[in-house]
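Q: any chance you can model this:
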Amino acid sequence: MTWFLFCYWYEPDAPRDPVGLVRMWKLADTLSQIGDRVTMFPPRYRSAVSRRACTVIPIEVIHLPLIRPLSYALGSFIQGLVRALLTKPDIVYYRWMDSPHALILAKLLRIPCVCEVNGEPVPDWLGDRTWWVRCLKELLARLAFRYCDRIVVLTDGLRSLLHHRYGVPLERIAVLPSGTDEQQFAPRDPVASRLELGLVPARAYIGFVGSFYRYQGLSCLLDAMVLIKEACPTTHLVLVGDGEVVEELKQQARRLRMEGNITWTGRVPYWEVPVWIGAMNLCVAPFCGDRGETSPVKIFDYLACQRPVVACAIPSVVSTFTPDSGVQLIPSDQARPLADAIITLLNNPARCTVMGQQGRQFIEGRFSWTAIVKQLRHWLSEDIMGSHHAHSHVL
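A: Now for the predicted structure:
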């Protein structure tokens with residue numbers, strides 16, 4: 001099978017190499033490794049010029065507001081059209097990006113088009129947007145979801161949302177959750193990981209990895225750290241990443257007099273993330289209750305590294321993780337339950353070990369990238385490709 005993959009993502013605090021495209025890179029590389037021909041059209045970030053298993057055609061973008069996504073859409077459409085003259089794809093697959101250019105290309109080439117939706121197409125938390133911007137986004141989403149052959153979503157909640165809000169028939173939507181690279185994210189010795197990173201080996205470490213956005217619930221985590229410090233004075237919080245609220249969080253930490261109990265790593269290379277997770281006693285995902293539908297990617301990485309997880313019980317987390325998956329669920333936006341769950345686990349290393357083992361087994365069975373890609377190929381080969389070819393034959 002020959003694929004064209006289109007993806008655009010922009011993070012204001014990291015415009016040169018955002019981390020939001022990790023899933024698409026993993027999808028492209030894994031498809032290539034199992035024998036498919038994949039051409040990916042990403043913006044020209046650092047990750048786009050790294051050595052890859054798939055073919056990569058970096059798209060130059062103009063780093064100006066509004067012009068940036070338009071320059072990507074036009075550039076990738078032209079490059080895709082030129083590339084199709086050399087090798088016509090069997091399928092166009094694109095991540096939802098408020099632009100119909102990938103769908104238009106697929107229609108011109110008369111091949112199936114699949115749209116992947118990673119979160120709410122027009123999130124409620126974009127409250128600062130003007131009404132006409134929201135209306136335009138809604139219109140583009142409705143048109144895309146109507147004319148795409150199939151849609152891939154990451155959670156059951158997103159499947160229900162697309163069905164009820166946009167009228168997409170359920171049979172056209174497949175739930176394909178995110179996963180993790182179980183070879184890259186593997187169990188590590190915590191003491192060795194701490195020594196490698198320059199951390200104090202004897203301390204207990206709580207860890208968070210991700211982008212610092214308000215919906216991640218990090219403010220609640222800092223409040224919980226005050227309570228944790230009272231019960232476990234030597235416990236240290238490691239925050240791996242960066243984002244739009246980092247300065248607010250640092251100010252909050254100073255008000256709480258927690259500076260000495262927190263390590264701020266900033267952004268780290270992706271290959272280094274498993275070492276940081278390996279250094280932690282347990283990991284946290286303190287999502288806000290109004291986070292909306294999303295696939296909790298960081299939890300998959302935590303579990304693959306055999307670390308127990310304390311996570312807030314937002315719908316996508318509740319529907320994904322079973323009681324024996326290594327994840328302890330707590331209410332959102334409440335510091336006391338978060339602190340109590342962490343303190344209990346810190347005082348019970350044996351329980352942490354069992355949860356870590358359960359989590360690793362849970363990932364290996366269902367959420368490795370190889371397993372996920374095979375599910376995608378099987379669904380498309382039997383469903384969309386068969387029906388499309390039959391329809392073309394009739395025409």
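Q: from Trp96, how far out is Trp369?
A: According to CB to CB, to the nearest Å, Trp369 stands 20 Å off from Trp96. (Each C-beta comes from the backbone N, C-alpha and C, glycine too.)
Q: ditto for Arg307
A: Arg307 sits 31 Å away from Trp96, going by CB to CB.
Q: and these two? Which one has more around it.
A: Set side by side, Arg307 and Trp96 show more neighbours around Arg307, with 26 against 22, by other CB atoms under 10 Å.
Q: and the more buried one, backbone torsions?
A: phi -110, psi 140 (degrees, to the nearest 10).
Q: what do you get for Phe4?
A: phi -110, psi 120.
Q: excluding sequence neighbours, find me the nearest residue to it.
A: Pro89 (4.3 Å; CB to CB, 6 or more residues apart in numbering).
Q: spatially central residue for the chain, please.
A: By CA atoms, centre = their mean, the chain has its centre lying nearest to Val297, at 4.6 Å.
Q: how about the nearest residue to that residue, chain neighbours excluded?
A: The spatially closest residue to Val297, leaving aside those adjacent along the chain, is Ser178, at 4.6 Å (CB to CB, 6+ apart).
Q: now Leu338
A: Ala224 (4.2 Å).
Q: on that earlier part again, wait, the residue nearest to the centre of the chain sits on Val22?
A: Yes - with contact defined as CB atoms under 8 Å, Val297 counts as touching Val22 (7.4 Å).
Q: quick one on the thing from earlier: hmm, Ala335 and the residue nearest to Leu338 touching each other?
A: Yes - between Ala224 and Ala335 there is a contact under CB under 8 Å: 4.3 Å.
Q: the more surrounded of these two?
A: Per other CB under 10 Å, whichever of Ala224 and Ala335 has more neighbours is Ala224, with 27 against 19.
Q: does the more buried one sit in a helix, a strand or a coil?
A: helix (DSSP: H, G, I helix; E, B strand; the rest coil).
Q: same question, Arg257
A: Arg257 ends up coil, using three-state DSSP.
Q: from Met225, how far out is it?
A: According to CB to CB, Arg257 stands 11 Å off from Met225.
Q: who has more neighbours out of these two?
A: For the pair Arg257 and Met225, the greater number of neighbours falls to Met225 (23 against 10), based on other CB under 10 Å.
Q: ok, that one - contacts?
A: Applying CB atoms under 8 Å, 6 or more residues apart in numbering, one finds that Met225 lies in contact with 206, 235, 237, 256, 258, 261-262, 339.
Q: again, but for Arg23
A: 118, 178, 297 are the contacts of Arg23 under CB under 8 Å, 6+ apart.
Q: over to Gln328?
A: By CB under 8 Å, 6+ apart, the residues touching Gln328 are 308-311, 341, 345, 355.
Q: quick one, helices of the stretch 51-200 of the chain?
A: Listed from the start of the chain, the stretch 51-200 of the chain has helices (DSSP state H, counting those that start in this stretch) covering 67-86, 101-109, 131-147, 156-166, 190-197.
Q: for those, which one sits closest to Pro323?
A: helix 156-166 (17.8 Å; CB to CB).
Q: other SSEs contacting that closest one?
A: On a contact count with 3 or more CB pairs under 8 Å, 6 or more residues apart in numbering; DSSP states H and E, helix 156-166 meets helix 131-147, strand 150-153, strand 173-175, helix 315-320.
Q: deepest-packed of those, please.
A: Across the helices and strands packed on helix 156-166, the average number of neighbours (mean count of other CB atoms under 10 Å) peaks for strand 150-153, which reaches a mean of 23.
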